[in-house]
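In: let's see this in three dimensions:
(2 chains)
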Amino acid sequence: MRQWRSIAREAVAQVSIVVKFLSFLHVTDSYLFSFTHVLGPSMLPTLNINGDVVLVEHLSHRIGKVGAGDLVLVRSPLDPRKTLTKRILAVEGDKVTFCLDPPRDPTRDYRSRSLVVPKGHVWIQGDNWYASTDSRHFGPVPYGLIQGKVFLRVWPPNSFGSLGQ
Amino acid sequence: MGTPSVLWSIAKKSFTVGLVTVTVSDRFASIVPVRGASMSPTFNPKTNTSLGSLSDDYVLVEKFCLRNYKFSHGDVIVFCSPNDHKEKHVKRIVGLPGDWVGTRYDVVKIPEGHCWVEGDSSSSSKDSRSFGPVPLGLVNGRATHILWPPHRVGSIDRKVAQNRVSSS
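Out: From the prediction side, this is the model:
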């Protein structure tokens, strides 16, 4: 009987160490910093098409300090399981003028449209306008979909450095 | 000699408890107070108005639905308001992506990745009829049980509006 009690006590101690470690990982990953692998052509030439590993911080968007010119991770409004990496071009109240993909047929007109970004929303666009699905297609996105701000690229090592405006 | 180490161990314990609580409430379930009467009579039914915040309902919100974002008609969800990311609302899902929902003036098709939410009490509810379809990425969790007040403890039923939604 005494052995079971000591075994049980040791098991509880080990489990509690694991639980504490996992909680620490989760809080750091969601509220402080995390590493993310981003890939795709929509942010050329800022980010590579084959994939970069970037350091993302999750503090600024919670206190509302994310603004125009920032590279952010955004949950896609078309599929909540996907996360997009785009740049914020305009915040609420700003007027945005945009045209969709420039036509391949040069005799057709550009379709240019303007709108004012509504309250609580932001306008996101990829740096590579030709290969990016962004606010020009699905409209301004609510600020609540922003997951974090990208501020440092850590891989590949020859392009280690901060990513800014 | 005694007091600083006692304070330090109390600080360490509360830090650990805080971390574990935050993790559990982000990944498993959390308890959320419901304010306002937009979901009456399911939450906060208006029986008397003199008790104030003592009579707010507390509901259990589960976060397992955020793995796959698979919701059903009639689920009650907690989501961040599209107009102000600091506010959270509790409403019922009336339409899922691909559905056509009838409002007072026209019929709206819910785009991919969005849902249509409405409060149970149509007269006093600010919901998709004013701010449009809500992206599913804003959802924080699904309310499954009422935990307070004790005489209304129980699971939350799914109520489906039969005549307003046509699914594809």
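In: show me what counts as buried in the strand ranked longest in chain B.
Out: Criterion DSSP state E: the longest strand present in chain B is strand B:84-95. For strand B:84-95, the neighbour count (16 or more other CB atoms under 10 Å in any protein chain shown) marks B:H85, B:K88, B:H89, B:V90, B:K91, B:R92, B:I93, B:V94, B:G95 as buried. Every C-beta, even on glycine, is put in place using the N, C-alpha and C of the backbone.
In: who's the third one bridged to?
Out: What that stands for is B:H89. Counting by DSSP bridges, B:H89 forms beta bridges with B:F79.
In: in contact with it, which residues?
Out: Residues counted as contacts of B:H89 (CB atoms under 8 Å, 6 or more residues apart in numbering or on different chains) are B:V78, B:F79, B:C80, B:S81, B:V117, B:K126, B:D127.
In: can I get those in a markdown table with neighbour count?
Out: Output for these, formatted as a markdown table (neighbours: other CB atoms under 10 Å in any protein chain shown):
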| residue | neighbour count |
| --- | --- |
| B:V78 | 20 |
| B:F79 | 23 |
| B:C80 | 22 |
| B:S81 | 18 |
| B:V117 | 24 |
| B:K126 | 14 |
| B:D127 | 19 |
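In: ok, the residues you listed vs chain A, which is closest?
Out: The closest of the contacts of B:H89 to chain A turns out to be B:C80 (CB to the nearest CB; 3.7 Å).
In: can you count the residues close to the nearest residue in space to that closest one that is not next to it in sequence?
Out: Nearest residue to B:C80 in three dimensions, chain neighbours excluded: A:G144, at 3.7 Å (CB to CB, 6 or more residues apart in numbering or on different chains). Look at A:G144: counted by other CB atoms under 10 Å in any protein chain shown, it has 26 neighbours.
In: please, where are all the helices along chain B?
Out: In chain B, the helices defined using DSSP state H lie at B:2-27, B:128-131.
In: winner for burial among the ones you listed?
Out: Stretch with highest mean neighbour count among the helices of chain B: helix B:128-131 (a mean of 16; mean count of other CB atoms under 10 Å in any protein chain shown).
In: quick one: average pLDDT of that helix?
Out: Summarised as a single mean, pLDDT over helix B:128-131 is 89.
In: what packs against that helix?
Out: Counting contacts by 3 or more CB pairs under 8 Å, 6 or more residues apart in numbering or on different chains; DSSP states H and E, helix B:128-131 packs against strand B:84-95, strand B:114-118.
In: pull out the buried positions in stretch A:132-140.
Out: The neighbour-count check on stretch A:132-140 (16+ other CB under 10 Å) flags A:S132, A:D134, A:S135, A:R136, A:F138, A:P140 as buried.
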